[in-house]
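> Return a 3D structure for these sequence lines:
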Amino acid sequence: MGKADPSKIVVGSFVLVILAGTMLLALPWATVDGRGLSLVNALFTATSATCVTGLTVVDTGRTFTPFGQITILLLIQIGGLGVMTLSTFFLSMVGRRISLRGKIVVQDALNYYDMESLLELIRYILIFTFLLEMAGALLLAYPFCERMGAMGIYAAVFHAVSAFCNAGFSLFSDSLVSFKGNLLVNGTMMGLIVMGGLGFPVLLDLYKRFFVFRGEPYRLRFQTKLVLTVTAFLIVTGAAAFLLFEMKNTLAPLPWGTKVLASLFQAVTPRTAGFNTLNTGAFREATLFFIIFLMFVGASPGGTGGGIKTTTAAIVLFSIRSILREEREVNILGRTIPPRIVSKAFAIFFLSAALIFMTVLTLLLFEPNMPLIKLSFEVVSAFGTVGLSTGITPTLSGISKVILSVVMLAGRVGPLTLVLAMARREVPPEIRYPEAQVMVG
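Presented below is the predicted three-dimensional model:
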């Protein structure tokens, strides 16, 4: 690998795409008024799209021309798949041999460390993405065409890509509020969001289990079992909690079927998707606080979402359980987690928490009249690359938007990349120091 730090290459590739997107969105023909976005708003929107966040400072459907919307869509697709993943795929397509350095960089970007099957995974990433987005667009086309006519086909493609990449950008001013009772739209969007958030290694494992080795013994990898277990738990728990918290608030006027559907959607979308079928700004503070937790956890490794990841949250939780039980090892689903993985999980958890804390503290200085819960919600939404907002994003100052742009980038590539970068520093000769007894707790 030499002196080239893979984490720096990954971050640099995202920065270059963001800068290119900023310049394109600032062009006069990117917006309907012919003026283009201001530099700060263009930077914020390009970062939000590339980091598949979905926070917006302007109405996507009404502000941008087809050129601007397609620019955003391309940024979403590039950001969702990863710059290095696409580069590696196209190099392999033209027959170029991928160097060991390039493979290590892609491994860092995908959080996937099986060198032998890396190129197979990259090929399947493109296949899965194309097929799932196409299927999603076909399912969304009918209800969208009913509302928009022929333009519904374009809207279906846009929303299918945005959903699978967990981006949260919508061409509708109210996101999907007007479709809150539509089972086809809700089901399709939730399916795309969940599959995009599971992670490509998990999708490949499930594909092999149910389509390649049918009738033959094939055991799912531990990562797949853990991701599916935690994901199912968070969705069910989230839906039940949302139904309980909002029963007498935003859900009150809705029929029971729509109540359940809306609760389920609101449990899925904080997993870094950012779409909403209810007015987020009208949620109770208890609901917002619970959604902050879901956004902080986020999606799963190797997928299109952000957050600390489901596996990290599970390892931290079971590590605490092991400490309380005075167990020497951390055991999950019949497997022992290596100490280095446990240490990495705690590092990611606390780096992420520290970043959120410092960002909220900083924004409180620049936005003194803004409620703490709304600022906290906005910051965690940016870090988790979720895109949900209580409606304060357009009202933030320029410096606050720049700070959130940095947080979005950090949320997309940051804490884990920082840990990996530190782990690859040269290790000094091992020195054993005397143990010290320190009181804690």
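
> quick one: the residue lying closest to Gly306 once chain neighbours are set aside from Phe67, how far?
Closest residue to Gly306 apart from its sequence neighbours, by C-beta to C-beta, 6 or more residues apart in numbering: Thr385 at 3.2 Å. (Each C-beta comes from the backbone N, C-alpha and C, glycine too.) Per C-beta to C-beta, to the nearest Å, Thr385 is found 25 Å from Phe67.

> Pick out whichever of the two has more residues nearby.
Thr385 (35 against 14; other C-beta atoms under 10 Å).

> doesn't the more buried one fall inside a helix?
No. Using DSSP: H, G, I helix; E, B strand; the rest coil, the assignment for Thr385 is coil, not a helix.

> Check the secondary structure at Tyr207 for me.
helix.

> Then Val260?
Applying three-state DSSP: Val260 is helix.

> What pLDDT is listed against the closest residue to it other than its chain neighbours?
Among residues not flanking Val260 along the chain, Leu243 sits closest, at 7.1 Å (C-beta to C-beta, 6+ apart). Listed pLDDT for Leu243 reads 96.

> from the chain's centre, how far out does the helix or strand encompassing Leu192 sit?
Leu192 is part of helix 183-198, with elements assigned from DSSP states H and E. When distances are taken as C-alpha atoms, centre = their mean, to the nearest Å, helix 183-198 is centred 14 Å away from the chain's centroid.

> what comes into contact with that helix?
For helix 183-198, contacts defined as C-beta atoms under 8 Å, 6 or more residues apart in numbering pick out 80, 132-133, 136, 139-140, 142-143, 159-160, 163-166, 176, 179-180, 203, 227-228, 231, 235, 261, 264-265, 268-269, 271-273, 275, 277, 298-300, 303-305.

> filter these to the buried ones?
80, 132-133, 136, 139-140, 143, 159-160, 163-166, 176, 179-180, 203, 227-228, 231, 235, 261, 264-265, 268-269, 271-273, 275, 277, 298-300, 303-305 (16 or more other C-beta atoms under 10 Å).

> Go through those residues and flag which are in helices.
80, 132-133, 136, 139-140, 143, 159-160, 163-164, 203, 227-228, 231, 235, 261, 264-265, 268 (DSSP state H).

> so where do the strands sit in the stretch 201-350 of the chain?
330-332, 335-337 (DSSP state E, counting those that start in this stretch).

> Quick one: end-to-end distance for stretch 144-159.
10 Å (C-alpha to C-alpha, to the nearest Å).

> What are the buried residues along that stretch?
144-145, 152-159.

> and if you look at stretch 344-363?
Neighbour-count burial for stretch 344-363 [16+ other C-beta under 10 Å]: 344-349, 351-352, 355-356, 359-360, 362-363.

> contacting residues for Ala160?
So Ala160 contacts 133-134, 136-137, 140, 188, 192 (C-beta under 8 Å, 6+ apart).

> how about the nearest residue to the residue nearest to the spatial centre of the chain, chain neighbours excluded?
The centre of the chain sits closest to Gly305, judged by C-alpha atoms, centre = their mean, with a distance of 2.0 Å. Spatial nearest neighbour of Gly305, excluding adjacent residues (C-beta to C-beta, 6+ apart): Ala299 at 2.6 Å.

> Would you mind confirming that the one you found is in contact with Thr312?
No. Using C-beta atoms under 8 Å, Ala299 is not in contact with Thr312; the gap is 10.9 Å.

> To what extent is Gly238 buried, counted in neighbours?
23.

> hmm, I was thinking of Thr237
13.

> likewise the one 4 residues further on?
Residues within reach of Ala241, counting by other C-beta under 10 Å, total 19.

> wait, what's in contact with it?
267, 290.

> where's it relative to Val177, distance?
Ala241 is 21 Å from Val177, by C-beta to C-beta.

> circling back to that earlier point, nearest to Asn249, of the buried residues of stretch 344-363?
Among the buried residues of stretch 344-363, Val360 lies closest to Asn249 (C-beta to C-beta), at 24.8 Å.

> Surely the closest one is in contact with Ser376?
Yes. With contact defined as C-beta under 8 Å, Val360 reaches Ser376; the gap is 5.3 Å.

> Just list the residues touching Leu372, thanks.
360, 364.

> same thing but at 6 Å, please
Applying C-beta atoms under 6 Å, 6 or more residues apart in numbering to Leu372 gives no contacts.
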